[in-house]
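Participant: Pasting the sequence and the predicted model now:
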2 protein chains.
Amino acid sequence: MTRKQEIIQVAASLFKEKGYSAVSMRDIAQAMNIKAASLYNHIDGKQEILATLIVEVAIEFTQAMNQVISERISAIEKIEKIIGFHIDITVNYAENIAALNNDWMHLEGEERNSVVKMREEYEENFRSIIKTGIKEGTIKAHHPEVLLFSILSTLRTLYLWNEKRGKMDVNILKKDMVTTLIYGIV
Amino acid sequence: MTRKQEIIQVAASLFKEKGYSAVSMRDIAQAMNIKAASLYNHIDGKQEILATLIVEVAIEFTQAMNQVISERISAIEKIEKIIGFHIDITVNYAENIAALNNDWMHLEGEERNSVVKMREEYEENFRSIIKTGIKEGTIKAHHPEVLLFSILSTLRTLYLWNEKRGKMDVNILKKDMVTTLIYGIV
DNA sequence: GTCTATAGGTAGATAGAC
DNA sequence: GTCTATCTACCTATAGAC
């Protein structure tokens, strides 16, 4: 773990807790027991930390989604796989996801455009899967947007739940999440 | 609409867009075409705006939940009612909900304790309803926490979806949301 | 109800010593 | 790799005139 990576990790934890704008370079430095000026020997600035965190996890989601849509499986199976990789990525990138969800609007320049575009393409891929399922007759013919929103909002906020999960096994969680989101609660 | 209410409304819109910490009193004043100092003739400070927004909607949710748990209906019917009032409150208090979800940690003093307590009691009431449904056999015997999390995370982020909803009738949305969350998508 | 002026503090970031 | 010192800009909030 390089010093730069340490800084980013400490910053990510603080960003998750209070949000990007409420965390100062002095806060990050204090959490590492150094002075704020020392941070600049390793990073260009606060903005670089945010961009690193968000772009990293946005690429993870994009790649996982591209993998799923390339497979020759049913729409329902694709959604099951999406739920699965959301849980996997959440376990490994909880702080990055917090930044992606809550602080993407504080990204500047080309990185912001890039992340917004990845997000839109991600949603469009998900929407296509749902529409395919409805056409096939395997998914109930609701408004696709209601389904998309409902599933995605649960998956995107999984990171908030990562502590309570605690002792719960990831594979059991995946099974339960699939049952709940796809087959309902009754 | 008093001048104070105007300020709170304008601030709420900016808070929703960028978050409490990223919005300055100068931003709020500029959006009203006045100077920042003029705001203080109507409000005590930035913190009062946040507290007003969050406490107002937290009380709305608490009262709606108390109404539901007092009714002599089944667990499933109670959850249907909860989905309903979340949609109603979201339509009328989208900006307040954004602040409650994303900026509650920036509340200071007794108001923060109060809001956290209301949130915990709300979740506990919801959890009890789910457990009752499982005991009655009307709800599948998952881990109650997975159900609670899944439904609540969708309902809490409804405010993000309030624009796309657009032309969609509220009652149709309620019916679709109930079907999706309770009866699944297959 | 709004203004100008300003106080007192904190922000991100840089220069240069060690 | 970290420090002290510092710059410039912005922050919340107040005082007092109109």
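Facilitator: Good, I have the coordinates. Numbers count the residues shown, from 1 in each chain, chains lettered A, B, ... in the order given.

Participant: who are the neighbours of the lowest-mean-pLDDT helix or strand in chain A, in terms of helices and strands?
Facilitator: The weakest-scoring helix or strand in chain A, judged by mean pLDDT, DSSP states H and E, is helix A:162-165 (a mean of 82). Here helix A:162-165 touches helix A:75-103, going by 3 or more CB pairs under 8 Å, 6 or more residues apart in numbering or on different chains; DSSP states H and E. C-betas here are computed from N, CA, C, even on glycine.

Participant: Quick check: mean pLDDT of the helix or strand just after the helix it packs on?
Facilitator: Under the assignment DSSP states H and E, the closest C-terminal helix or strand after helix A:75-103 is helix A:109-136. Across helix A:109-136, pLDDT averages out at 98.

Participant: Which residue comes closest to the residue in chain A that chain B sits nearest to once chain neighbours are left out?
Facilitator: Nearest residue of chain A to chain B, counting by CB to the nearest CB: A:G184, 2.7 Å away. Once flanking residues are discounted, A:G184 sits nearest to B:G184: 2.7 Å by CB to CB, 6 or more residues apart in numbering or on different chains.

Participant: residues contacting the one you found?
Facilitator: B:G184 sits next to A:140, A:181-185 when contact means CB atoms under 8 Å, 6 or more residues apart in numbering or on different chains.

Participant: Which one (most neighbours) among these?
Facilitator: A:L181 (25 neighbours; other CB atoms under 10 Å in any protein chain shown).

Participant: got the residues of chain A near DNA strand C?
Facilitator: Neighbours of DNA strand C within chain A, by CB under 7 Å from any atom of the strand: A:23-27, A:36-37, A:40, A:44-47.

Participant: The host helix or strand of A:A51 packs against which elements?
Facilitator: In this structure, A:A51 sits in helix A:46-70 according to DSSP H and E. Packed against helix A:46-70 by the contact rule (3+ CB pairs under 8 Å, 6+ apart) you find helix A:3-18, helix A:75-103, helix A:109-136.

Participant: Please see if the next helix-or-strand element following the shortest one touches chain B.
Facilitator: Read that as helix A:3-18. Next in sequence after helix A:3-18, counting helices and strands by DSSP H and E, comes helix A:25-31. No: on the criterion CB under 8 Å from any CB of the partner chain, helix A:25-31 is out of touch with chain B, staying 11.9 Å away.

Participant: Show me what the mean pLDDT comes to for helix A:25-31.
Facilitator: Averaging pLDDT along helix A:25-31 yields 98.

Participant: same thing with stretch A:6-20?
Facilitator: pLDDT averaged over stretch A:6-20 gives 99.

Participant: do the same with stretch A:83-103
Facilitator: 98.

Participant: hmm, who's touching that stretch?
Facilitator: Under the criterion CB under 8 Å, 6+ apart, residues A:9, A:12-13, A:15-16, A:19-21, A:50, A:53-54, A:56-58, A:60-61, A:64-65, A:68, A:115, A:151, A:155-159, A:162, A:170, A:173-174, A:177-178, A:181-182, B:19, B:102 lie in contact with stretch A:83-103.

Participant: who in chain A is up against DNA strand D?
Facilitator: Within reach of DNA strand D by CB under 7 Å from any atom of the strand, chain A has these residues: A:3, A:29, A:33-35, A:37-38, A:41-42.

Participant: By neighbour count, which of the residues you listed wins?
Facilitator: Counting by other CB under 10 Å, top hit in those: A:A29 with 19 neighbours.

Participant: in terms of contact, does it touch A:Y40 like I think?
Facilitator: No: applying CB atoms under 8 Å, one finds A:A29 not in contact with A:Y40, separated by 10.0 Å.

Participant: returning to that earlier point: list the buried residues for the helix holding A:A51?
Facilitator: Across helix A:46-70, burial judged by 16 or more other CB atoms under 10 Å in any protein chain shown covers A:46, A:49-55, A:57-58, A:60-62, A:64-65, A:68.

Participant: and if you look at stretch A:91-105?
Facilitator: In terms of neighbour count (16+ other CB under 10 Å), stretch A:91-105 has its buried residues at A:93-104.

Participant: what's the pLDDT at A:K35?
Facilitator: pLDDT for A:K35: 98.

Participant: who touches the closest residue to it other than its chain neighbours in this structure?
Facilitator: Nearest residue to A:K35 in three dimensions, chain neighbours excluded: A:A29, at 5.6 Å (CB to CB, 6+ apart). By CB under 8 Å, 6+ apart, the residues touching A:A29 are A:35-36, A:38-39.
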